[in-house]
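1. Generate a structure from the sequence data that follows.
(chains A and B)
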Amino acid sequence: MTRRFLPGFIIALGLLALGLLVAFTVGRYPVTLADLIEVLVSRLAGRPTEVPPAVENVVLLVRGPRVVAAALVGAALAVAGTAFQGLFRNPLVSPDILGASSGAALGAVLGIYFSLGVIGIEGLAFVGGLVAVAAVYVIGSMLHARDPILVLVLTGVVVGALLGAGVGLVKYLADPYNQLPAMTFWLLGSLAATTVSDLLPLTGPVALGTIVLIALRWRLNVMSLPEDEARALGLATGPFRIAIVAAATLVTAASVATSGIIGWVGLVVPHLARALVGPDFPRLIPTAALLGGGYLLFIDTLARTAAPVEIPLGILTAVIGTPFFIWLLAGMQRTWS
Amino acid sequence: MISYNRRALIAGLAATLLAPPRARAASVIDGAGRDVPVPARVERVFPAGPPAAIFLYTLAPELLIGWPRANRPEEREFLLPDVGGRPEVGRITGRGNTANLEVVLALKPDLILDVGSVNPTYVSLADRVQQQTGIPYALLDGRFEGIPLSYRTLGALIGRREQGEGLARNAEDTMKTITQRVGSIPPDRRPRVYYARGPRGLETGLGGSINVETIELVAQNVAGGTRGGLANVSIEQVLLWNPDVIITIDQDFAANVLSDPAWAPVAAVRAHRVHLSPKLPFGWVDFPPTVNRLIGLWWLAKILYPDLFPEDLRALTHEFYTRFYHVTPSDAQMERVLAGRD
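-> Predicted coordinates for the structure are as follows:
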């Protein structure tokens, strides 16, 4: 498994660049490449633009923020998935394994149930994700088991199921005409409503979490070894585990709060990145971030252009992700056994 | 022996001869074409969902056992005090929610009423509940064109043909007046309306959806090209549609859209033609999908065609609330209704 880093990294970078270009130039509202360049150049040069205001509006206020958000959310989910797969030494783990998505979902449906505004709904989703993972971690640590990693994962599954029941209860109580459709749309994931004001609360936590994970990249290499081997290397796994879980959760909760539930990205992309540059975390994390950003950009472009109505992202990622993952599994039996 | 048998035979014959006309008189064909037996006495009616509760309330408020969801104080203001405050009894139909049939039976209704879709799902549900409970279950059409017949059917079922006929006529007149006047404008010249739901205004009703029935009756729905129910759309798509008018039910969206730069290029926003629908005690344009939207037809028609509809909206609202909701709103209450806020 000694794949060279640079070619794989360049492929990932190229995919992201291509994704950005396609996402910016393709959309329901016609924007030519010349218009796009003119808007960006005039904005950078600080001079008034010659394109119609509606086009400038689409580029800067509608499509621009959405493209940036898609790249960030994709990168965030991929990085979190990579970290969790390494930490839990399990290829089937995704960023929501510790309940971040279920907690965010419960927060969001509660926000819709109490008719909060957009900021309230996103804030509750973010807090819900963090609280859920904190609860899972505390419960998991209180159960003194021989295999703390396994207990943590199982606690996550159990608490996630409970939170899922909570989501079901709120949906059951919700107004079927107004609130229930809004909850359903949120749970299917979408970036349709992204505005410039969403970017700061997304970028901050994602950047912070990703920096922490990149700083811990060497530790992650050791953590992905069996527990006793890691201890044999003289590493106290506890504090680093907390730091990795916290960073990955921060990243996941912030992206889920912006986009709703988008499955599969955090599960599939780490495998793709591993196929490109191998399992070494210092290489894997940046590659996964680029690939995840590019992947979600393509998916989101499809979601907003294929039809006059939006196709929910969660549905697209599942339809594309499932056959892809089965194909990966078929080829991976030798790598993971 | 023989004479006894003969007497029994004659009695039996008489019974069979007399029975069919009685049975025929004592049943009514409901909105789904089902034969519903007319209860001997109707004093308590269980509404299967919110449209049924509203529909029954307009015709015979005192028969309503309770509401699918308890009314909020601001809604109760526009309902008869003793009826508007009746308890929450849950609902039988509506998106997977199922009331406990034992609870329904314990409330001892003489009739179960459902108003809304009359598709096979609801027909089979009605048949099943009627069979399980032994209580007549009437399914009526809640769409605009079905409302007059639904009033006549319900009037026959609960022994209030006259009042049912009165409301049926009123509904017919309203719809006829409005569609006739709007009919003078060819469909492709009518204003292009975007229906915005959700705090960001990006949920909308596709063509033929019950959510946009009011809008599609008097205007062009920009999202009408795709058939379906509710869907999410992007701002880019709204910019492309460039609607002349935006109708919304969300007060956050209505408050923010005029100052939101992303929406600024939309024709409706530039012309300040964004209208928040009144919703007290029940929604005027969208839900619940039944007779409460009749007054919304007037409201929408006046917004879109001020020249064609010179009537005073306050007078119309006054009349509608008095006639259908059995209350007469004060001037202050009328302000709150028309402002569209809770």
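2. and B:Ala196, helix, strand or coil?
-> Assigned with DSSP: H, G, I helix; E, B strand; the rest coil, B:Ala196 falls in the strand class.
3. Same question for A:Leu130.
-> Secondary structure state of A:Leu130, per three-state DSSP, is helix.
4. could you list every residue that touches the residue nearest to it when sequence neighbours are not counted?
-> Ranked by C-beta to C-beta, 6 or more residues apart in numbering or on different chains and with sequence neighbours excluded, the top spatial neighbour of A:Leu130 is A:Ala253, at 5.3 Å. In short, each C-beta sits where N, CA and C put it, glycine included. Contact analysis of A:Ala253 by C-beta atoms under 8 Å, 6 or more residues apart in numbering or on different chains lists A:100, A:103-104, A:125-126, A:128-130, A:133, A:205.
5. Check B:Lys108 too.
-> Shown in contact with B:Lys108 (C-beta under 8 Å, 6+ apart): B:Arg44.
6. Flag the shaky bits of chain A, pLDDT-wise.
-> For chain A, residues meeting the criterion pLDDT under 70 lie at A:1-3, A:227, A:230-237, A:332-337.
7. Please disregard the earlier target; I meant chain B.
-> B:1-25, B:93-99, B:342.
8. Strands of that one, residue ranges please.
-> B:27-29, B:35-37, B:45-47, B:111-116, B:137-141, B:192-196, B:203-205, B:220-221, B:230-232, B:245-248, B:274-276 (DSSP state E).
9. circling back: only the buried residues of the helix or strand harbouring the residue nearest to A:Leu130, if you could.
-> Using DSSP states H and E, A:Ala253 maps to helix A:237-259. Using 16 or more other C-beta atoms under 10 Å in any protein chain shown as the test for burial, helix A:237-259 gives A:237, A:240-241, A:244-259.
10. Next: stretch B:248-262.
-> Quick answer for stretch B:248-262 (16+ other C-beta under 10 Å): B:248-254, B:256-257, B:260, B:262.
11. Could you tell me the end-to-end distance of that stretch?
-> 17 Å (C-alpha to C-alpha, to the nearest Å).
12. Same list, the buried residues of stretch B:248-262, but only the ones touching chain A.
-> Among those, proximity to chain A is found for B:249, B:252, B:260, B:262 (C-beta under 8 Å from any C-beta of the partner chain).
13. Quickly list the domain ranges of chain B.
-> B:29-179, B:185-339 (automatic domain parsing).
14. Now do the residue in chain B that chain A sits nearest to: how many residues are near it, please.
-> Of all residues in chain B, the one sitting closest to chain A is B:Phe287 (3.5 Å; C-beta to the nearest C-beta). For B:Phe287, the neighbour count with other C-beta atoms under 10 Å in any protein chain shown is 20.
15. A:Trp327: neighbour count?
-> Around A:Trp327 there are 10 residues (other C-beta under 10 Å).
16. and if you look at A:Ala318?
-> Counted with other C-beta under 10 Å, A:Ala318 comes out at 16.
17. Then A:Ala145?
-> By the criterion of other C-beta under 10 Å, A:Ala145 has 13 neighbours.
18. Which secondary structure state does it sit in?
-> Relying on three-state DSSP, one would call A:Ala145 coil.
19. Disregarding residues adjacent in the polypeptide, which is nearest to it?
-> Sequence neighbours aside, A:Val151 is the residue nearest to A:Ala145 in space, at 4.2 Å (criterion: C-beta to C-beta, 6+ apart).
20. what's across from B:Gly112 in the sheet?
-> That one is not Gly; residue B:112 is Ile. Here B:Ile112 sits in beta bridges with B:Phe46, B:Tyr137, going by DSSP bridges.
21. Among the ones next to chain A among the buried residues of stretch B:248-262, which lie within helices?
-> Of the positions in those, B:Asp252 sit in helices, assigned by DSSP state H.
22. Just the closest of the ones next to chain A among the buried residues of stretch B:248-262 to A:Gly156, please.
-> B:Asp252 (34.6 Å; C-beta to C-beta).
23. Please consider this matter closed, and thank you.
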